[in-house]
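# This is a predicted model, with the sequence first.
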Amino acid sequence: GSSSSLTKMAAESSNLDTNGEFTAGPEDAQKEGLASPEVEVTPPADPPTAPCPPPPEVKGQEDGGDKGDKSGQTSVSVLPGSEAVELYPAALEDYGEGEESEGELPAEFERLWRAAQETPQDFSSWTDLLQYTEQEGHMGAARRAFWAFFARYPLCYGYWKKFADMEKRAGSPRRAQEVCLQGLQAIPLSLDLWIHYISLLQETLNMNLPESTQRIRSAFESAVSAAGLEFRSDRLWEMFVDWEREQGELRAVTAVFDRVLSMPTQLYSQHYQRFKEHVESHSPRDILSTEDFLKLRSEVMRGRAAATPVMGREEVPPGEDGPPGISSANQETEEEEQKVRELLLASRQEVHQQTEVEVSKRWAFEEAIKRPYFHVKPLDRGQLRAWQNYLTWETANGDHRRVTVLHERCVIACALYEEAWIRYTRYLEQHSVDGSREVFRRACEIHLPKKPNIHLQWASFEERQGNVEGARRLLERLELAVPGLAVVRLRRAGLERRSGFTDRAESLLREAVQQSQATPLHAFYSIKLARLLLRVQRNPGKARRVLQDAIESNPENSKLHLNLLELECSADLRQNESNVLRCLARALAAPLPASARLLFSQRRLEFQEDFGHTVQSLLNAYDDHQALLQESNGKKRGAENGDPDDPEEKKAKSEENSVATTPSMAIPPTNMPMAMTPPVPMMGGDMGGGSQAAYGYGAW
């Protein structure tokens, strides 16, 4: 769209009034990152078992220490795989604050603390606790509550600001800065937290110290490096420009404008208008570096020389001539100055037009995102789809840094969704293995400590990188955090098998068989163990014993009988006929549903037809099969005539596997054509993929 229309849309969507000031919109309370206590949403993960992190320590700036040592620094990792940005702690006056004991806690604190610890997934219990500590103003209780809260919800930037303000009001500006630094390590893209931190520095730094100005400038540089690509970063850039202007650094103001003019932000056109005012209000000599000014003025002089006949030049004594493009009087006319301004604006106009194109490409995507901040309340499908569409487009059209920043924005708003983190790690793995590992760590250790899929993906990632021991530790930790998940135990066994430790895989499956006695998973694990013994270790005897023991414990499970039948049929049938027939006889005598018994009868009939040694055994199998058919058909006719349903038949119908039956025949012919029933697929838990749904976990 045009520049004017986009500017109008930007002003409307950012709640700007006619004077360009930010006004409160209907969702501003939520956008402060303070989730409403009335929203009772259970996050999908429980808190980390590790104790909450202590407040950060800033080297060289310890409370009560020597205030003369100002060399300490704190680093913030802006993006995965990128270099850390050094954040300078404040150069403070000696406020005299020191370590204080927790002392006696307020009366209601223990009750609220206990409620938050007993139900850590209840966000409202935490907000009640934090609100109470803020009202009481007890810093010992506040520190205990806030650090415990941040261990679970580090993306709530509004509470970082609240905590920093409490430390400041308590007379601990150094602690307030440390709180902000810790918050910025958790959410380096938080524009509000960056602005809050820089404002805190401006209020608390001793500006009589010569390094204070440089430290504030360094904080601004860190902020725009971390969050300057954010679409709504306009306030930060404007704050940076205004601060440099207050310092009287006009050339620095121009340098900041040059950077922001190329950034596709929401108020990009407003930045260009302010830059034009900056150029018109000052002499180009004052706002440009010497090199840039001489370059532009040389272009102006060359243009004048081309349009004006060459005149004789007055001789100038040696050593008194100025640099190229500057007259000996070191002054240029107003006309020349205006020409320099025009060239300067023309070059920035080209940048502005290109930025406008980039903004127009992203505008619809940005407008579709209604909640760019973290909240425990689930996102609706439309919002999830908006993030997916934006990421797909940016990945196809943007550069690596822009794609990474957009992913970082996404995992803030979608921090409780595994899919957002997994998509980010898959993209990042193509560019930085360490960066991808760091994203996995943040997802699994902070935001989704009990979500199995993201942990399984992390273990697979480490295995792909050759870090088998790391993958083993991750799977063991996941099984301790979420015990009883079959997919985790199978993944552990599979890891050991792929690593060549088949004995460890067998031990893991045997342990699972023992621990799952009297549960549906007992048959599942038994089949998995038998398959490992048969197919990998080539030990049919051990596999047979596993299945036979499982059948003794659970004789009504048809899948166990089917897998034992497959095991027996996989051997040499000329020598294993008796085992096959015993397996079939055991299945027919078991308390199986009628449909399953009919299936095994059909299998026996087919086996006798294909591999039997006597015709009498074939005829006996046929007679038994006909009897089962007549029994089954009789029950069906009884049901059609209004007879009450047989409970056993109801159960059989629910487990029926589309068994085709042969029509009844009064007398078997001499050459009996067998109506072959296509064998039903083997149970998914052993030979196929269907067991995953049968046993209650999705395919990975």
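Received it, and whenever you're ready, just let me know what you need.
# what about the strands in the stretch 551-700 of the chain?
Assigned by DSSP state E, counting those that start in this stretch, the stretch 551-700 of the chain shows no strands.
# same deal with the chain?
For the chain, the strands defined by DSSP state E cover 74-77, 84-87.
# mind listing what's buried in stretch 391-404?
391, 394, 398, 402-404 (16 or more other CB atoms under 10 Å). From N, CA and C alone the C-beta is placed, and that goes for glycine too.
# I'd like the distance from stretch 546-558 to the chain centre, please.
The chain centroid and the centroid of stretch 546-558 are separated by 43 Å under CA atoms, centre = their mean, to the nearest Å.
# scratch that, stretch 256-264 is what I was asking about
The answer for stretch 256-264 is 30 Å, by CA atoms, centre = their mean.
# now do stretch 242-261
Worked out by CA atoms, centre = their mean, stretch 242-261 lies 36 Å from the chain centre.
# and for it, what are the contacting residues?
202, 213, 216-217, 220, 224, 228, 237, 240-241, 268, 271-272, 274-275, 278, 282, 286-289, 348, 351-352, 355 (CB atoms under 8 Å, 6 or more residues apart in numbering).
# that older thread, of the buried residues of stretch 391-404, which one scores lowest on pLDDT?
Within the set of the buried residues of stretch 391-404, pLDDT is lowest for residue 398 (81).
# Residue 406 is in contact with that residue, correct?
Yes. If you go by CB atoms under 8 Å, residue 398 and residue 406 touch, sitting 7.4 Å apart.
# what's the burial count for the closest residue to residue 588 other than its chain neighbours?
Sequence neighbours aside, residue 600 is the residue nearest to residue 588 in space, at 5.4 Å (criterion: CB to CB, 6 or more residues apart in numbering). Residue 600 has 25 neighbours, counted by other CB atoms under 10 Å.
# cool, residue 585 as well?
Quick note: residue 585 (other CB under 10 Å) scores 12 neighbours.
# what's the answer for the one 10 residues further on, then?
Residue 595 sits with 20 neighbouring residues when counted by other CB under 10 Å.
# residue ranges with poor pLDDT in the stretch 501-650 of the chain?
Counting by pLDDT under 70, the stretch 501-650 of the chain shows low-confidence ranges at 636-650.
# Please enumerate the helices of the stretch 501-650 of the chain.
502-515, 521-531, 540-553, 558-569, 573-589, 594-611, 615-640, 647-654 (DSSP state H, counting those that start in this stretch).
# Pick the most deeply packed of the ones you listed.
Across the helices of the stretch 501-650 of the chain, averaging neighbours per residue (mean count of other CB atoms under 10 Å) puts helix 521-531 on top, at a mean of 25.
# which helices and strands does that helix pack with?
Applying 3 or more CB pairs under 8 Å, 6 or more residues apart in numbering; DSSP states H and E, one finds that helix 521-531 contacts helix 486-498, helix 502-515, helix 540-553, helix 558-569.
# Take those and write them to a markdown table, including distance to residue 614.
Shown next, in a markdown table, are those (distance: least, CB to CB, whole Å):
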| stretch | distance to residue 614 |
| --- | --- |
| helix 486-498 | 43 |
| helix 502-515 | 39 |
| helix 540-553 | 25 |
| helix 558-569 | 19 |
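# doesn't residue 395 make contact with residue 427?
Yes. Between residue 427 and residue 395 there is a contact under CB under 8 Å: 6.7 Å.
# Quickly list what's touching both of these two.
residue 403.
# And for residue 367, the neighbour number?
Neighbours around residue 367, by other CB under 10 Å: 12.
# just residue 335 next, same as before
Residue 335 - counted by other CB under 10 Å - has 10 other residues nearby.
# For it, give me its contacts.
Contacts of residue 335 (CB under 8 Å, 6+ apart): none.
# Equivalent analysis for residue 234, please.
14, 265-267, 270-271.
# one more time with 7 Å
265-267 (CB atoms under 7 Å, 6 or more residues apart in numbering).
# Make CSV out of those residues and add distance to residue 142.
Formatted as CSV, the contacts of residue 234 follow (distance: CB to CB, whole Å):
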residue, distance to residue 142
265, 36
266, 35
267, 36
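# Narrow the contacts of stretch 242-261 to just the buried residues.
So, by 16+ other CB under 10 Å, the buried ones in the contacts of stretch 242-261 are 202, 216-217, 220, 224, 228, 237, 240-241, 268, 271-272, 274-275, 278, 287-288, 348, 352, 355.
# What distance do you get for residue 393 to residue 386?
Relative to residue 386, residue 393 is positioned 11 Å away (criterion: CB to CB, to the nearest Å).
# How about residue 613: what's its closest non-neighbour residue?
Using CB to CB, 6+ apart, the closest residue to residue 613 is residue 577 (7.0 Å).
# remind me which residues of the stretch 351-500 of the chain are low pLDDT?
In the stretch 351-500 of the chain, no residues with pLDDT under 70.
# quick one: the helices in it?
381-397, 400-413, 418-429, 433-442, 452-464, 468-481, 486-498.
# Now those helices in JSON lines, please, with extra columns for distance to residue 540.
Shown next, in JSON lines, are the helices of the stretch 351-500 of the chain (distance: least, CB to CB, whole Å):
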{"stretch": "helix 381-397", "distance to residue 540": "49"}
{"stretch": "helix 400-413", "distance to residue 540": "49"}
{"stretch": "helix 418-429", "distance to residue 540": "40"}
{"stretch": "helix 433-442", "distance to residue 540": "41"}
{"stretch": "helix 452-464", "distance to residue 540": "30"}
{"stretch": "helix 468-481", "distance to residue 540": "29"}
{"stretch": "helix 486-498", "distance to residue 540": "18"}
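# Quick one: closest of those to residue 189.
Of all the helices of the stretch 351-500 of the chain, it is helix 400-413 that lies closest to residue 189, at 5.4 Å by CB to CB.
# how near is the closest residue to residue 196 other than its chain neighbours to residue 153?
Excluding its sequence neighbours, the residue lying closest to residue 196 (CB to CB, 6+ apart) is residue 161, at 5.0 Å. Remark: distance between residue 161 and residue 153 (CB to CB) = 14 Å.
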